[in-house]
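Asks: give the three-dimensional model of this entry:
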Amino acid sequence: MNSQRTLTAIIGRRPRAAVGSIQRTVNDQVVDDAYFAFLSPDRWRVLRNDGSEIVVDGLTWWERSRRDAVWERKVSDVPAPPHHDGYLQAMLFPRLLPPFTDPKTVVSSEVRQPDGSLHLVMKVADPVADTWFVVVSAEGYLARLEGTDGGATSIVELTADFDQSPNPGVFDPDTPWDPGRSGEA
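Replies: Below is the predicted model:
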């Protein structure tokens, strides 16, 4: 097992367009649950189960706090697109997570499963010393991260379909999007 080669392969993967869902639990309580459509780092849409929504198209984005609210249009003044939160972005781009790029991180266990997924145990030092349990899907994306966050057990799970490219209309805030019922996620 070569820890550095495994981590380099994970952070080197560039996500393709996808639709899916993400869920974060802390101490067995769901704290964030959302559907997403992702076309590129600067073009995506997220609908949380609480009804809040964001659509990003380059440096322009639209937000609303609930499905029946009016969209609020914003323009970023920095040359990076905004994101709804770090969890989705980190799962799609693991290189943004310090443990995946920290040379002190060690993969202490690496087991390929019959379904093609890879289960890892990582000893991380940054941002705090911890043990992470990681599942990399057969397609190569992060499917699950489990570790501690301020003393609480935190789990982030991503389900994505990289074979289904999102309908371009999804990235127009005036286009209704109902991923739980429309087959878009």
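Asks: okay, which residue is most central for the protein?
Replies: By CA atoms, centre = their mean, the chain has its centre lying nearest to Leu88, at 2.5 Å.
Asks: looking at this, that one is in a helix?
Replies: Yes. Per DSSP: H, G, I helix; E, B strand; the rest coil, Leu88 lies within a helix segment.
Asks: got the contact list for it?
Replies: Applying CB atoms under 8 Å, 6 or more residues apart in numbering to Leu88 gives the contacts Ile22, Ala34, Phe36, Val46, Leu158. Quick note: C-beta positions are derived from backbone N, CA and C, even for glycine.
Asks: kindly recompute the last result at 6 Å.
Replies: Leu88 sits next to Ile22, Phe36 when contact means CB atoms under 6 Å, 6 or more residues apart in numbering.
Asks: the one 10 residues further on too?
Replies: Residues touching Pro98, when contacts are defined by CB under 6 Å, 6+ apart, comprise Asp126, Pro127.
Asks: go with 10 Å
Replies: Ala90, Lys104, Thr105, Val124, Ala125, Asp126, Pro127 (CB atoms under 10 Å, 6 or more residues apart in numbering).
Asks: gap between the closest residue to the fifth one other than its chain neighbours and Met122?
Replies: Excluding its sequence neighbours, the residue lying closest to Ala125 (CB to CB, 6 or more residues apart in numbering) is Lys104, at 4.1 Å. Between Lys104 and Met122 the computed distance is 11 Å (CB to CB, to the nearest Å).
Asks: same deal with Gly51?
Replies: From Gly51 to Met122 the distance is 35 Å (CB to CB).
Asks: next one: Asn49
Replies: Taken as CB to CB, the span from Asn49 to Met122 is 29 Å.
Asks: can you check Met91 too?
Replies: 15 Å.
Asks: swap in Gln89?
Replies: 19 Å.
Asks: next: Ala34.
Replies: 25 Å.
Asks: pull the most distant pair out of the contacts of Pro98.
Replies: Ala90 and Lys104 (18.6 Å; CB to CB).
Asks: so for the longest helix along the chain, mean pLDDT?
Replies: Counting residues, the longest helix found in the chain (DSSP state H) is helix 3-12. For helix 3-12, mean pLDDT is 82.
Asks: now swap in stretch 40-59 and tell me
Replies: 88.
Asks: now the longest strand seen in the chain: how far from the chain's centre is it?
Replies: Ranked by residue count and defined by DSSP state E, the top strand of the chain is strand 29-40. Distance of strand 29-40 from the chain centroid (CA atoms, centre = their mean, to the nearest Å) equals 7 Å.
Asks: so in that sheet, which strands flank that strand, and in what orientation?
Replies: strand 18-26 (antiparallel), strand 43-48 (antiparallel) (DSSP bridges).
Asks: tabulate the ones you listed (TSV), appending distance to Leu96.
Replies: Below are the strands paired with strand 29-40 laid out as TSV (distance: least, CB to CB, whole Å):
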stretch	distance to Leu96
strand 18-26	15
strand 43-48	15
